[in-house]
Each structure stands twice: as C-alpha cells, then as structure tokens.
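Enquirer: sequence first, then the predicted structure, then my questions.
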There are 2 protein chains.
Amino acid sequence: MNQKRKLDFNNSSDSLSQTIYKEIRERISLLQYPPGTVLSENALAAEFEVSRTPIRRVLQRLELDGLVLSKRGIGTMVTTVDLKSLKEVYALRMKLHEITGELSSVAHLTNDDIASLENVLEQCDEMLEQRDPEKLARLYNTFQEQIVRHINNEPLREVSDRLYYQTCRVWLQILPDMDWSEEVDVMRDEVSQVIEALRAGDMHTVGQVRRDHLFMMLGRIKRYLGGATEAELDAVLPSRRSTNDE
Amino acid sequence: MNQKRKLDFNNSSDSLSQTIYKEIRERISLLQYPPGTVLSENALAAEFEVSRTPIRRVLQRLELDGLVLSKRGIGTMVTTVDLKSLKEVYALRMKLHEITGELSSVAHLTNDDIASLENVLEQCDEMLEQRDPEKLARLYNTFQEQIVRHINNEPLREVSDRLYYQTCRVWLQILPDMDWSEEVDVMRDEVSQVIEALRAGDMHTVGQVRRDHLFMMLGRIKRYLGGATEAELDAVLPSRRSTNDE
DNA sequence: TGTAGTCAAGTTGTATACAAGTACAATACA
DNA sequence: TGTATTGTACTTGTATACAACTTGACTACA
C-alpha cells in the first residue's frame, strides 16, 4: 500500500499518457501490482488527477502488451505469466539478442552512457550488503533501458523493450527464494561484460553476452520452478491475489 | 471513394473493435487510404455505426503500429513509410524468418490449410490474365495470414504480423510501375515452395524461402526507388495527399 | 490593392453521464 | 436453519458534451 511511489509529473518531455504508461508498467514489473491485482480505473484517475479517459488509453496499451486484461463488469487485472509464455518469450529474446549484434552497431556512445552504466555497476556492488529484491529488479530495469537505447534498428528496439517487460517480473517473483549473492554476482558479471564489449564497439559480443546470461537465467528460474513446493508454484503461476488499494 | 468496401459485420467471433481494426488496417495496406490520407473519427464512427470512442480505440492501436499519426487540431493521418524504416523492417523480418524455422515446427497442419494455400496458388495463376495490383496485394495478405498462423511461438507470431503490415504497402505503391508478370511469377514461386516445404513438415525451409523472397523483393523495390523519377519518388516518400471521404 | 485580423468550421483530447454486466451481501421465505 | 432472490455497489464499455487547437476564408481597414 505504501510502497516507494514517487509521483513524478516533472517529466515534461514525454506526454502525459506516456508518463502514466511507463509508471504503471514499472509498478507491474516491480510487483507493486502483483499478478491478479485489480486495477481500478477510478482509483488511477484520482491518483494521477485526470479523468478515466487517459487512464483507459494507458490500460488498453498495457492490454496490448499482455500485462493486464480487462473484463467488462469485473475489472482490469494484472496478468499471470504462465510457464509456456515464459519459455516462448525467452526463446525469442535469446534469438533477438543474437541478431542485435548483426543489425545494430555501437554508435553515438557518449561518455555519459559509459558513466551511467558504470554507475549501475557500482550499485550492483552495494546490493551485496542489503537484500532488497525490488531494488535489484529496478536496477536491472535501468540497465536494460540503457542497453536497448543503443539498438539502432528501431523496430527491433521496440520489440526488445516490449518483450522484456512481458516476463521480467517472473525473476523478481522467485528472487526471494534464490541465492541472493549469486544473483547479484551474475548480474554484476553481465553488466561488466556488456560495458567492456560496448567500449570495444563490439555489439556482436554484447548480444552474445546477453543471450548467454538470459539462457542461464532461464535455467535458474526453471530450477526453482521445477523443484518448488506447491505453495511456491501457486505464488507464481495461477495466483489470484486481490491486493486492491484505494 | 467508391472502392470495393464490403462492410462485414457478420464476423461474430472477433469483437467489434477487432473487426474495425482489421478492416481499417486492410484498407491502409491496400492503399484505399493512401499515405497522407486524413481519417476523420466522425466519418468512421458514422460508417461503422458506433460513437467516436471505439473508433479512437482502434486508431490508437493503429498509431502504436505506426500506421497512422494523430495530431491535435489537425487529424489522424496515414503515415508514409520512408526508406530508412523500410530497410530496418525488412532487415528484421529477414532475420525473423530465419529464426521462425528454429523456434517453430509444422504442427496441426490440416488438409484445409493445404487446400487454402493451393487456392492461393490457383488465384496466382488467374492473376496473370488481368493486371489488378490491389487484388494481388490482397491475395498476398491472405497468404501471409495463412503462413503466420503456423508459427507456434506466440510472441513471434504477433511480431511477424505487425511488422508485415508496417511496410507491405510500399510494394503495392510501386507495383503499377513494375513488371507485372514477373511479380506474379515470383509470388507464385514463393507460394509454391512454401506449400512444398509445409507438406514436408520442414518449417526451417519455409523460413528460408520466405527470407530469400523478402531479400529479392527488397532488391526490386530499391531498384525502382533508386531509378525512379522525382515524380515517382514523391508518390512514395513524402506525399501529403488529402483523399478525404465523407 | 494589400494586409492584418477575426471569425467559423474543422480536428483531436478530455471529462462526464449513462448503459451493460458482475459479484456479493442482505433479506424474504420455506 | 437453509435457500433462493433481489437489490446494491462496484466494474468496464459506450455515447456525448465540452475544451484546446489548427487551418483557411472572409472581412475590415489602411
């Protein structure tokens, strides 16, 4: 209910709809809206101080992304990522990472970009001290955003962005049960290797690194999903929690 | 103004929004709404006998697809596909065709599917007699739909569908100036080879065939765009026709 | 005649009233 | 007590009135 929600209306560059879209998408990806949560259009309209109309525009876009599902008379619920979809998205994302290196090259890499990525690296190190899954997931979101920005092929960039947010919350869902230091180390490795490849101007290696890490992450997730107790499986797969807030 | 517009409201399986979406998308792809056309929400609402609200829902989705662009006070215009986007989409689609064979296999191939594809093949032969670019484009759309249906990976299927409609009208735009019998023959070849590969259950070959044909089509398009007169380039690239109808 | 200004008729974006549908609880009744 | 039913309070979907904005034509004026 009282998560860290910074209502940022100072994003003047993006349109209002775009700002609200990214905000709600981030909340879904960070499990502030867990799967099954019923999102009330009226509540969101009141929070963002607009009418239902722009909110509906955002929710319709999120529904096209597969993140929510609107049903007349019921409500708009955050979707659950089933294992089949997870495998499909991961398989496609791995292939897309491979072709990213072939369709895109490292261009317009500024010092700010490098500095921003090294900032991510530093925050990774700090993560070892305190166990905060949501914070780590948020950090990985910013990392993803930084990398996707360097994809030159615009349709590929858009697809990569969409696919990432479609399933990234699964990792966060089981992160509390995983080996914390191992996950932080793995992420640190990926960030480090990506920075090195970007510095060398080798987008092909960037894609390769990300594909390998994606593959290994899927393996770790499967391991926890496969050897999970029934209660843990319920928490990930068919849940219908009702964490409404207003 | 008086194009062949069959207002099909008998599609009871899809929702109303879905039906209108596919109808307008088809019109854009067939150049019944050429680039630059201003689509009036009121006119569309009157034609489909609904209010502006569901029409806006459809237009917003088309805008996310990159097919139209809404500007306050101006209108909703059909976008123009510039050469850069064309190359990017084609490059990505070629790669996607390659990975389609790796992520998807030929499953649930019924006799009706084969019959439907052979029907496309027959209609190809009939195309040689009369020069009707829009009819050929419509036929290619149905072919594309038949093939995409057999992609098992759902996110890949969705992406392939979207990317196809993003640029397929470029071919139709220059089709009147191309070698008609050559284009029909090339299309017949692709359909024929795809049918053969599907019969053999070889999705990998399907992807390969489609990739090769896509590559060659891009070459032919570039040839016509490169050696085109200024008038022809204007017709394809930065046009701002205003073919409003109401 | 030329030019600036103003008004009118469009457009999309927003807010809101209403229609359609669902779920749940209270109530009437056996 | 148990059960069916009905009403109420929610939800999303639709239609509509209004606000914000653009364009072009027409008018007033120098």
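Expert: Yep, it's here.

Enquirer: so what are the domain limits for chain A?
Expert: A:16-79, A:83-232 (automatic domain parsing).

Enquirer: in TSV: those domains, plus distance to residue B:179 and mean neighbour count.
Expert: Bear in mind the C-beta positions are built from the backbone N, C-alpha and C, glycine included. Formatted as TSV, the domains of chain A follow (distance: least, Cβ to Cβ, whole Å; neighbours: other Cβ atoms under 10 Å in any protein chain shown):
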stretch	distance to residue B:179	mean neighbour count
domain A:16-79	39	17
domain A:83-232	29	17
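
Enquirer: and of the ones you listed, who's closest to DNA strand C?
Expert: For these, the distance to DNA strand C is smallest for domain A:16-79, at 2.8 Å, taking Cβ to the nearest atom of the strand.

Enquirer: could you give the average pLDDT over the closest one?
Expert: Averaging pLDDT along domain A:16-79 gives 97.

Enquirer: distance between the ends of that domain?
Expert: One end of domain A:16-79 sits 24 Å from the other (Cα to Cα, to the nearest Å).

Enquirer: check stretch A:102-112 too.
Expert: First residue to last in stretch A:102-112 (Cα to Cα) measures 25 Å.

Enquirer: before we move on, what about stretch A:118-134?
Expert: With Cα to Cα as the measure, stretch A:118-134 spans 20 Å from end to end.

Enquirer: tell me how far that stretch lies from the chain's centre.
Expert: Its chain's C-alpha centre and that of stretch A:118-134 lie 17 Å apart, by Cα atoms, centre = their mean, to the nearest Å.

Enquirer: what residues does that stretch touch?
Expert: For stretch A:118-134, contacts defined as Cβ atoms under 8 Å, 6 or more residues apart in numbering or on different chains pick out A:30-32, A:135-136, A:139, A:142-143, A:146, A:172, A:175-176, A:180-181, A:184, A:187-188, A:191-192, A:195.

Enquirer: can you tell me which of those end up in helices?
Expert: Among the contacts of stretch A:118-134, the members found in helices (DSSP state H) are A:135-136, A:139, A:142-143, A:146, A:172, A:180-181, A:184, A:187-188, A:191-192, A:195.

Enquirer: and these, which is closest to DNA strand D?
Expert: Distances from DNA strand D to these, taken by Cβ to the nearest atom of the strand, are shortest for residue A:172, at 24.0 Å.

Enquirer: surely the closest one meets residue A:32?
Expert: No - with contact defined as Cβ atoms under 8 Å, residue A:172 and residue A:32 do not form a contacting pair (10.5 Å).

Enquirer: tell me the mean pLDDT for the helix ranked longest in chain A?
Expert: If you go by DSSP H, chain A has its longest helix at helix A:203-226. Helix A:203-226 shows an average pLDDT of 93 in the prediction.

Enquirer: and that helix, what does it pack onto?
Expert: On a contact count with 3 or more Cβ pairs under 8 Å, 6 or more residues apart in numbering or on different chains; DSSP states H and E, helix A:203-226 meets helix A:83-103, helix A:154-174, helix A:180-199, helix A:230-236.
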